[in-house]
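J.: the following block contains a protein sequence and its predicted model.
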Amino acid sequence: MMELPQKHTDTQLIEKVLAGDLAIFEIIIRRNNPFLYRLGRSYNYNHEDTQDLMQDTFVNAYTNLASFQNRSSFKTWILKIMLNNCFKKQKKWSFDHVKAGEIDEKSTPMFTSQKNTDTERSILNKELSSVIESALAQIPLDYRVVFTLRESNELNGAEVAEILAISEDNVKTRLSRAKTMLRKEIEKFYSKEDIFQFNLIYCDGIVNRVMNKIKESNL
């Protein structure tokens, strides 16, 4: 396992990879594994399908690494690739023709209370619990994805807006509505178990799959 040099920025790591140091790409994979995993699971893909999507996303990112222009964060850039892959897979399972950035604006929610209870603050500020995974599956996709990107992946409003091609106000509204819906679901069965964590035992597996795929394809 390669040691992750936290002092190196994503841009510095990318420069090293583009200069021919393929092994450095492993660090990029490990840094972004949890974010991609959470996004895939927010679409209700199971563990195995999410891993397949992650592999495709990392290979896509490596293939197009030279086109990354640093206009936004690398995290935002690769999440957009993952989002696009989620949509592609979704289209194979449905007759709905959905494209990245074309989430139905008609689903914009009504206003909701901004009150933050101690229970809500505790839940949202900690790692998501297993009960929230079940609760998230019960709310509309529009809100589920915004909640995952904003609260679990810790992106700011502008980054989420860029990824989903919606306004920051819309991000705030959907997030607020998502929290309200989640509270209602959580009240049915509350627990503190952690969820949506990409266990380290799987991290090595994804790294090996992606790196082998890149080497086999001579990308």
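T.: Nice, thanks for sending it over. Not measured: the values here are computed from a predicted model. Residues are numbered from 1 along each chain as shown.

J.: show me the domain layout of the chain.
T.: With domains defined by automatic domain parsing, the chain comprises 10-97+198-217, 105-186.

J.: Throw the ones you listed into CSV and include mean pLDDT and mean neighbour count, thanks.
T.: Placement of C-beta: from N, CA and C, glycine included. Shown next, in CSV, are those (pLDDT from 0 to 100; neighbours: other CB atoms under 10 Å):
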stretch, mean pLDDT, mean neighbour count
domain 10-97+198-217, 86, 17
domain 105-186, 73, 17
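
J.: dump the residue contacts of the residue nearest in space to the middle of the chain.
T.: Per CA atoms, centre = their mean, the C-alpha nearest to the average position across the chain is that of L39, at 3.1 Å. Going by CB atoms under 8 Å, 6 or more residues apart in numbering, L39 touches L79, M82, L83, C86, V145, T148, L149, N153.

J.: of those residues, which pair is most distant in space?
T.: Pairwise distances across the contacts of L39 peak at 13.8 Å for C86 and N153 (criterion: CB to CB).

J.: and the gap between E26 and E48?
T.: Using CB to CB, to the nearest Å, E26 is found at 22 Å from E48.

J.: surely N170 meets A161?
T.: Yes. If you go by CB atoms under 8 Å, N170 and A161 touch, sitting 7.3 Å apart.

J.: all helices of the chain, in order?
T.: Counting by DSSP state H, the chain has helices at residues 10-18, 25-42, 47-63, 74-93, 118-125, 130-136, 141-147, 157-164, 168-186, 200-217.
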